[in-house]
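A.B. asks: make a model of this:
(one chain, ligands or ions: 1)
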Amino acid sequence: MKELTHYIGGEHVKGTSGRFSDVYNPATGEVQAKCPLASTEEFGKAVDIAEKAQPAWGATNPQRRARVLMEFVRLLNRDMDKLAEALSSEHGKTVPDAKGDVQRGLEVVEYCIGAPQLLKGEFTDSAGPGIDMYSMRQPLGVTGGITPFNFPAMIPMWMFAPAIACGNAFILKPSERDPSVPLMLAELMEEAGLPKGILQVVNGDKESVDAMLDHPVVQSIGFVGSTPIAEYIYGRGCSNGKRVQCFGGAKNHMIIMPDADMDQAADALIGSGYGAAGERCMAISVAVPVGDDTADKLIEKLVPRIEKLKVGPYTAGDDVDYGPVVTGEAKKKILGLVEKGIEQGAELVVDGRDFSLQGYEDGFFVGPHLFDKVTPDMDIYTQEIFGPVLSTVRAGSYEEALQLAMDHEYGNGTAIFTRDGDAARDFANRVNVGMIGVNVPIPVPLAYHTFGGWKKSAFGDLNQHGPDAFKFYTRTKTVTARWPSGIKEGGEFNFKAMD
Ligand code: NAD
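C.D. replies: As a prediction, this is how the structure comes out:
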């Protein structure tokens, strides 16, 4: 059995806590590796190393720091196939999807190459007589991040690229369910020229997360994962005086107006509802057709498309639409919620419960499900399912559809499909959700904008990547400087005035 490591001080280090968790191949259901779960002491060692290494890195000029990231981008492209294979084998997503995971992280690294420009301060000449004022952005010191299983390449890069570009050291605690790619990324950063100890990976569970939350040297924590853990980390991290940003769960609604192009809307729902087995925080999990007519037409378009979906292992090639979910536990939770939906009166239009794949009977595959006539009191509506299950909630009017999205506790992403510019504009302005798509089902902002939800989907006031990341990973210092004026009337320099 392969035993994975931590990456501490530039070395692969074996776990010493004696605690491990299983890493599965979700397609076969077999345990393929053991992931070490760090103790508080092991985490503390990484902090000591980071604390020693950071000052020199923080003092390195931003252009040199950016060059490391530039080389890292080259190495990511060089190793794209290897990274995607490792990612798919532990996560289960298809290879093109795994490459997309690396690519969307890479784009944030590219943005961070602009660090010299992005870190430029502000200067006011002659703020008063002989007084200049300038502000600079300085690194925080040792920073940390905790990431989820569903984007094991992208989300770590969203955190460590800006943190490191800003001159910080960064300790990553990735998901224990797919930890291999984060370890590979740390190795590549060092190959790109990053000094040892600036990026470390400490694998673990709650013990190492708590060690990060309580360690006085750790200045900031980024978290992405489920909402209950986001709330816990935000509360404990803030009360320990750290700067914290936490991004949580989602229940993204797509409003389909009667004038929408129904084929376009149905295609969009297939990709955004079932792609990556629904394990995306920006997946659409609720379709809200406006009017019964629209709903009937939509269901009619969706059913044959869903029936054509190919579910299979990542090794089966590019025509697989989605793979297994990440663990047997995740599969059980999804199927449990499907049963709840039936029990509570939703209409199961496409039933994926009996899905099985020859040769992969023990894999964590879940067939696609479609529910109609879901109501807001049902568990399948209130809870994040994080699986290939799309719920349809029929709305009587546009206002009712808007209100549904507004009243849900999550506010990560949402979309409207319509030909009416006025309706689209009204929706984008009024809905209390962070990322909005107009005829775009998964409106993930590009690297140079920021990414973040509202309501219970995010805690803290700065978003991920884009300009916000450079604010999150730096502190502002403002200097007010007065130099005695040596200029006399008439322009002659008076050296005596300088005494
Ligand atoms: P998770 O909350 O189970 O785990 C996330 C991280 O927290 C992991 O590193 C895990 O080890 C750690 N963790 C788990 N339990 C903990 C505990 N009790 N105490 C301390 N740390 C703990 O999430 P997941 O299942 O890995 O990821 C899926 C979730 O992430 C979904 O809810 C999804 O919506 C969300 N997500 C959100 C975004 C976003 O940007 N809003 C992006 C991706 C995923």
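
A.B. asks: all strands for the stretch 301-450 of the chain, in order.
C.D. replies: Assigned by DSSP state E, counting those that start in this stretch, the stretch 301-450 of the chain shows strands spanning 347-350, 369-372, 389-392, 410-411, 413-417, 435-438.

A.B. asks: is any residue of the fifth one near the ligand?
C.D. replies: No - on the criterion CB under 6 Å from any ligand atom, strand 413-417 is out of touch with the ligand, staying 8.9 Å away. (Each C-beta comes from the backbone N, C-alpha and C, glycine too.)

A.B. asks: who's in contact with stretch 333-349?
C.D. replies: Residues external to stretch 333-349 that are found in contact with it (CB atoms under 8 Å, 6 or more residues apart in numbering): 299, 303, 325, 353, 366, 369-375, 377-380, 383, 385-389, 391.

A.B. asks: next one: stretch 16-27
C.D. replies: Applying CB under 8 Å, 6+ apart, the contact partners of stretch 16-27 are 3-4, 30-39, 42, 89-92, 176-180, 205, 207, 313-315, 323-328, 360, 363-365.

A.B. asks: so which of those reach the ligand?
C.D. replies: Near the ligand, judged by CB under 6 Å from any ligand atom, the entries from the contacts of stretch 16-27 are 176, 205.

A.B. asks: buried ones among the contacts of stretch 333-349?
C.D. replies: Buried subset of those (neighbour count, 16 or more other CB atoms under 10 Å): 299, 325, 366, 369-374, 378, 380, 385-389, 391.

A.B. asks: can you list the residues of the stretch 51-200 of the chain near the ligand?
C.D. replies: 146-151, 173, 175-176.

A.B. asks: how about the contacts made by whichever residue of the stretch 51-200 of the chain sits closest to the ligand?
C.D. replies: At 3.1 Å from the ligand, residue 148 is the closest residue in the stretch 51-200 of the chain, using CB to the nearest ligand atom. Applying CB under 8 Å, 6+ apart, we find residue 148 in contact with 155, 175, 224-226.

A.B. asks: mean pLDDT and distance to residue 464 for the strands of the stretch 301-450 of the chain - can I get that in JSON lines?
C.D. replies: Listed next are those as JSON lines, based on pLDDT from 0 to 100; distance: least, CB to CB, whole Å:
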{"stretch": "strand 347-350", "mean pLDDT": "98", "distance to residue 464": "34"}
{"stretch": "strand 369-372", "mean pLDDT": "98", "distance to residue 464": "30"}
{"stretch": "strand 389-392", "mean pLDDT": "98", "distance to residue 464": "26"}
{"stretch": "strand 410-411", "mean pLDDT": "98", "distance to residue 464": "15"}
{"stretch": "strand 413-417", "mean pLDDT": "98", "distance to residue 464": "13"}
{"stretch": "strand 435-438", "mean pLDDT": "98", "distance to residue 464": "11"}
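
A.B. asks: can you say which of these is nearest to residue 165?
C.D. replies: Of all the strands of the stretch 301-450 of the chain, strand 435-438 sits nearest to residue 165, with 23.6 Å by CB to CB.

A.B. asks: may I see the buried residues of the closest one?
C.D. replies: Judged by neighbour count using 16+ other CB under 10 Å, the buried positions of strand 435-438 are 435-437.

A.B. asks: mind giving me the packing neighbours of whichever helix or strand comes after it?
C.D. replies: As assigned by DSSP states H and E, the chain's next helix or strand after strand 435-438 is strand 454-455. Under the contact definition 3 or more CB pairs under 8 Å, 6 or more residues apart in numbering; DSSP states H and E, strand 454-455 sits against strand 410-411.

A.B. asks: got the contact list for the strand it packs on?
C.D. replies: The contact list for strand 410-411 (CB under 8 Å, 6+ apart) reads 227, 248-252, 384, 432-434, 453-457.

A.B. asks: so what does the residue of the stretch 101-250 of the chain found nearest the ligand look like in phi/psi?
C.D. replies: Closest contact between the stretch 101-250 of the chain and the ligand, by CB to the nearest ligand atom, is at residue 225 (2.6 Å). Main-chain dihedrals, residue 225, degrees, to the nearest 10: phi 170, psi -150.

A.B. asks: nearest residue to it in space, please, no chain neighbours.
C.D. replies: Nearest residue to residue 225 in three dimensions, chain neighbours excluded: residue 148, at 4.3 Å (CB to CB, 6 or more residues apart in numbering).
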